[in-house]
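K.L.:
starting from these lines, generate the structure:
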Amino acid sequence: MAIGLYSVATIMPMQAHGDANSVVHPYAFDATREWTIMSTGLGLGAIGTYYNLHKTRYQMRDDGTQQRSSVPLFDRGAAGLWNARAAHESDGWLMATALAPLSLYTPLTQDTLSIVYLYTETFTLIAGGVAFAKGVVDRYRPYSYDTHPPSDVRYDADTKRSFFSGHAAAITGSAVFTATLFQDYFPDSVYAPWVWAGTLSVAAYAGSLRVVAGMHFPSDVLLGMLYGGVIAYAIPALHKKRHTPAVAFYANHERFGMTWHRQLH
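P.N.:
Numbers count the residues shown, from 1 in each chain. This is a model prediction of the structure:
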């Protein structure tokens with residue numbers, strides 16, 4: 001069902017608005033702002049990578065599990081879950097949605113470089129933030145609270161990287177980025193609600209798979225979705241051309257008055 005909603009919400013509206021000459025060009029760029037965004041994302045990623053490389057192997061209790069009572073009540077129901085099939089399916093959604101915004105939009109507009117740059121900034125910042133959080137925070141994945149997963153999975157340092165969900169952040173980021181660009185390029189389109197509903201339904205479904213798989217607690221997924229969604233919405237918003245009123249006064253021997261119009265910058 002999620003696949004169908006995603007297809008209807010993206011491909012069909014693209015076909016309906018497929019004339020590149022009919023779209024607006026809503027974005028503007030500034031060298032200082034772009035440098036700041038990219039350096040922030042790369043800096044977070046570098047710090048996160050350093051800490052991730054120095055994570056020690058996970059130490060279990062004698063019975064090979066973590067203590068479930070240490071998990072907050074709102075997450076405790078997920079402790080001990082493990083489903084390798086759900087984990088693989090969520091990996092598939094991550095790959096399927098990763099380049100969706102570029103493949104959908106760049107053929108339709110003359111703003112290919114603008115879209116690619118926005119995409120690069122968005123996902124550099126998302127990836128950097130995820131790497132930083134996973135590097136500096138040690139939170140055990142839900143599967144570590146049971147003995148069902150293979151020992152090579154349970155004893156790996158990756159077991160300490162539950163906070164927060166990188167899959168949820170990236171897939172939600174792709175969903176929000178796709179819907180935001182559609183709304184910005186086609187502001188009068190009746191398809192906008194369908195694009196938002198379809199893309200976010202995929203993000204929610206993929207996030208639920210990460211919980212079912214035992215890879216993340218619900219709070220990890222929710223925080224990942226929030227982080228990815230905020231970044232993916234904020235980056236295009238920061239680059240939107242602003243409408244400002246321009247007022248001009250005129251006067252001659254017959255009359256005087258004022259004109260008003262809106263200009264982009």
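K.L.:
use CA for all of it now, contacts and neighbours both
P.N.:
Will do.
K.L.:
so where's the stretch 101-250 of the chain uncertain?
P.N.:
For the stretch 101-250 of the chain, the stretches flagged by pLDDT under 70 are 104-109, 243-250.
K.L.:
what ranges does it have for its strands?
P.N.:
243-251 (DSSP state E, counting those that start in this stretch).
K.L.:
and His25, which of the three is it?
P.N.:
coil (DSSP: H, G, I helix; E, B strand; the rest coil).
K.L.:
is it in contact with Pro187, as I believe?
P.N.:
No: the criterion here is CA atoms under 8 Å, and His25 misses it with Pro187 at 11.0 Å.
K.L.:
so what's in contact with the two at the same time?
P.N.:
Here His25 and Pro187 share no contacting residue, scored by CA atoms under 8 Å, 6 or more residues apart in numbering.
K.L.:
need the contact partners of the host helix or strand of Thr36.
P.N.:
Assessed by DSSP states H and E, Thr36 sits inside helix 31-53. By CA under 8 Å, 6+ apart, the residues outside helix 31-53 that reach it are 121, 124-136.
K.L.:
among these, name the ones in helices.
P.N.:
121, 124-136 (DSSP state H).
K.L.:
of all the residues you listed, which comes closest to Gly77?
P.N.:
Nearest to Gly77 out of these is Lys134 (CA to CA; 22.0 Å).
K.L.:
which elements pack onto the helix or strand following the helix holding Thr36?
P.N.:
Heading C-terminal from helix 31-53, the first helix or strand you meet, by DSSP H and E, is helix 73-76. If contacts are counted by 3 or more CA pairs under 8 Å, 6 or more residues apart in numbering; DSSP states H and E, helix 73-76 sits against no helix or strand.
K.L.:
show the pLDDT at the closest residue to Val136 other than its chain neighbours.
P.N.:
Leaving aside its sequence neighbours, Val136 sits nearest to Tyr51 (CA to CA, 6 or more residues apart in numbering; 6.2 Å). pLDDT, Tyr51: 93.
K.L.:
if I look at Tyr51, how far off is Ala28?
P.N.:
Relative to Ala28, Tyr51 is positioned 36 Å away (CA to CA, to the nearest Å).
K.L.:
between these two, which one's more packed in?
P.N.:
Tyr51 (18 against 14; other CA atoms under 10 Å).
K.L.:
still on that earlier bit, just how off-centre is the helix holding Thr36 within its chain?
P.N.:
16 Å (CA atoms, centre = their mean, to the nearest Å).
K.L.:
please apply the same query to stretch 231-238.
P.N.:
10 Å.
K.L.:
only alpha carbons, please: show it as CSV.
P.N.:
The C-alpha trace of stretch 231-238 is given here as CSV (Å, rounded to 0.1, in the frame of the first residue of the first chain):
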residue,chain,number,x,y,z
ILE,A,231,16.1,19.8,8.1
ALA,A,232,14.5,18.9,4.8
TYR,A,233,11.9,21.6,5.2
ALA,A,234,14.2,24.2,6.5
ILE,A,235,16.9,24.1,3.8
PRO,A,236,14.5,24.9,0.9
ALA,A,237,12.7,27.5,3.0
LEU,A,238,16.0,29.3,3.8
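K.L.:
what lies in contact with that stretch?
P.N.:
By CA under 8 Å, 6+ apart, stretch 231-238 touches 27, 118, 121-123, 125-126, 173-174, 176-177, 180-181.
K.L.:
adding distance to Ile235 and neighbour count, write these out as JSON lines.
P.N.:
What follows is those, written out as JSON lines (distance: CA to CA, whole Å; neighbours: other CA atoms under 10 Å):
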{"residue": "Tyr27", "distance to Ile235": "10", "neighbour count": "19"}
{"residue": "Leu118", "distance to Ile235": "7", "neighbour count": "20"}
{"residue": "Glu121", "distance to Ile235": "7", "neighbour count": "24"}
{"residue": "Thr122", "distance to Ile235": "6", "neighbour count": "27"}
{"residue": "Phe123", "distance to Ile235": "10", "neighbour count": "23"}
{"residue": "Leu125", "distance to Ile235": "9", "neighbour count": "25"}
{"residue": "Ile126", "distance to Ile235": "11", "neighbour count": "26"}
{"residue": "Gly173", "distance to Ile235": "11", "neighbour count": "31"}
{"residue": "Ser174", "distance to Ile235": "12", "neighbour count": "29"}
{"residue": "Val176", "distance to Ile235": "11", "neighbour count": "26"}
{"residue": "Phe177", "distance to Ile235": "9", "neighbour count": "29"}
{"residue": "Thr180", "distance to Ile235": "10", "neighbour count": "22"}
{"residue": "Leu181", "distance to Ile235": "11", "neighbour count": "20"}
